[in-house]
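Asker: Give the three-dimensional model of this entry:
(one chain, ligands or ions: 2)
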Amino acid sequence: MSDREQLPVRSADEQIVCHVDADCFYAACERLREPPLRNEPVVVGMGYEAGETGGAVATASYEARAFGVESAMAISTALELLPRKIDAARDPELSVDEAGFYRPVDMEYYESVSDAVQEILRTRADVLRVVSIDEAYLDFSDSYSWTDDIRAVGRQLKSQIESEVGITVSIGIAPTMSAAKVASDHDKPDGLVVVEPGSVQSFFDPLDVEAIHGVGPVTAGELRELGIETAGDLAEGDPGELADQFGERGKRVYRFARGEDQREVTPRGKPKSLSRESAFGEPTADRDQQREQLRALARDVANRARRRGVLYRTAGIKVVTPPFDVQSRAKSLPGPVEDWELLESVALGLFEEFEGQPVRKLGVKISKLAFTDETQPTLAHWRDDTESGGSEELSGGRTEADDSGTGQRSITEFE
Ligand code: DCP
Ligand code: MG
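Answerer: Residues are numbered from 1 along each chain as shown. Ligands and ions are numbered 1, 2, ... in the order given. Purely as a prediction, here's the structure:
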């Protein structure tokens, strides 16, 4: 079977986009290193110092939000709504039960927690796009299909992050980026919302216009003046009128409200790894079939590396066993190499411990890359890639030439 047959070009409806957003992220980080803060109102202040009243709220735990404290509010205002525990303990007029903990921002620590979450996301997705310290899009399209139990995939990712890092995230999974983003926000905190293809419009329709990605409070106010209250109203609006009033942004939010979003998840920057994975039609325990698949994947990855002038120092495999257990193994190589036979034998060696187990999917990945040609790839370079392999066209017909200057990864590569 050729690669093409195994991984056909997808239609937009078959995309599986997962948006992950941590719950009250800075406050969750503070709780991680100070467990007594769990289940308590916690406010994290930017420009805030212990015992002072200056600065602004970066975030508040959901318990603190119940007192009306919200992001961007002055700390002095937050203190009126929610006094500090320490002050409440000293003041007979205040109740300790209606007080909270205030902590200053510590970016270095939050970044270390964010890195730990990203490590997990990287092992889970074909493509990862990190958009902020607590938010990322993952493309699951090559790993799963909509006929799989996608909710179980989301549940597993949530519980892995919770058990390995110790914070909760909310997840939205949908056929488009904008729907996935709205879905992750829909049931916060600790939410998991799956919007299946065909349900995007009905999911959006009843939502307040402000839920649409790109509609802020000001635009929402202007839309309401036009009688547009919900995403459904917006979807039925006159696109010409919206464009006149709001320009490009008007057209964009109109499309989003209709569930239309052609964007694909693309990573940022240079690739940190190259990989190729492929699923079996049915999970198989046949050793020969497994080993043959792994060899083909290793050769494919090695070919792509050679065409791109990429050397690699680490080789790894990914093994997905039923139902969705993803396991990776990696091995350091003797130095930066470009050696398909070595890659093939290392991949087979790493696979030995799994041989004979039922396997749903296999992947081969090279990392710790070194670029022999540091210049940006030319269009001709990509053309060579797409013509000879065809694999670069997997991302819904888009070739990587579209991305020249921004990145080099195909949809089948993960960071
Ligand atoms: N942040 C900030 N100032 C803001 C908004 C956010 O400093 N005005 C920081 C603090 C947040 C982090 O960015 O913890 C992530 O932003 P989110 O918008 O995702 O907010 P939270 O993660 O805090 O809460 P939620 O559970 O709503 O995602
Ligand atoms: Mg968040």
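Asker: ok, Val359 - contacts?
Answerer: By CB atoms under 8 Å, 6 or more residues apart in numbering, the residues touching Val359 are Phe280, Pro283, Thr284, Ala285, Gln290, Val319, Val320, Thr321. Just so you know, the C-beta spots here come from the backbone N, C-alpha and C atoms, and that holds for glycine as well.
Asker: For Glu70, which residues are in contact?
Answerer: Glu70 is in contact with Val57, Ala60, counting by CB under 8 Å, 6+ apart.
Asker: From ligand 2, how far out is the residue of the stretch 151-300 of the chain found nearest ligand 1?
Answerer: Closest to ligand 1 within the stretch 151-300 of the chain is Lys188: 5.1 Å, counting by CB to the nearest ligand atom. Remark: distance between Lys188 and ligand 2 (CB to the ion, to the nearest Å) = 8 Å.
Asker: Please apply the same query to Val301.
Answerer: On the measure of CB to the ion, Val301 and ligand 2 end up 35 Å apart.
Asker: Which strands and helices lie in contact with whichever strand or helix holds that residue?
Answerer: Using DSSP states H and E, Val301 sits in helix 287-308. Judged by 3 or more CB pairs under 8 Å, 6 or more residues apart in numbering; DSSP states H and E, helix 287-308 is in contact with strand 273-284, strand 310-321, helix 340-351, strand 359-371, helix 379-389.
Asker: let's see 10 Å
Answerer: Under the contact definition 3 or more CB pairs under 10 Å, 6 or more residues apart in numbering; DSSP states H and E, helix 287-308 sits against helix 3-6, strand 273-284, strand 310-321, helix 340-351, strand 359-371, helix 379-389.
Asker: Throw these into a markdown table and include mean pLDDT and distance to ligand 1, thanks.
Answerer: Shown next, in a markdown table, are the helices and strands packed on helix 287-308 (pLDDT from 0 to 100; distance: least, CB to the nearest ligand atom, whole Å):
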| stretch | mean pLDDT | distance to ligand 1 |
| --- | --- | --- |
| helix 3-6 | 36 | 37 |
| strand 273-284 | 87 | 27 |
| strand 310-321 | 94 | 29 |
| helix 340-351 | 97 | 37 |
| strand 359-371 | 92 | 28 |
| helix 379-389 | 28 | 35 |
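Asker: does the residue minimising distance to the centre of the chain count as helix, strand or coil?
Answerer: For the chain, the residue nearest the mean C-alpha position is Tyr137 (2.7 Å; CA atoms, centre = their mean). At Tyr137, secondary structure determined by DSSP: H, G, I helix; E, B strand; the rest coil is strand.
Asker: Then His213?
Answerer: coil.
Asker: Quick check on it: phi, psi?
Answerer: Taking degrees, to the nearest 10, you get phi -60, psi 120 for the backbone angles of His213.
Asker: Surely it touches Lys181?
Answerer: Yes: His213 lies in contact with Lys181 (CB atoms under 10 Å); the separation is 5.1 Å.
Asker: what sits in contact with each of the two?
Answerer: Common contact partners of His213 and Lys181 (CB atoms under 10 Å, 6 or more residues apart in numbering): His19, Phe256, Asp261.
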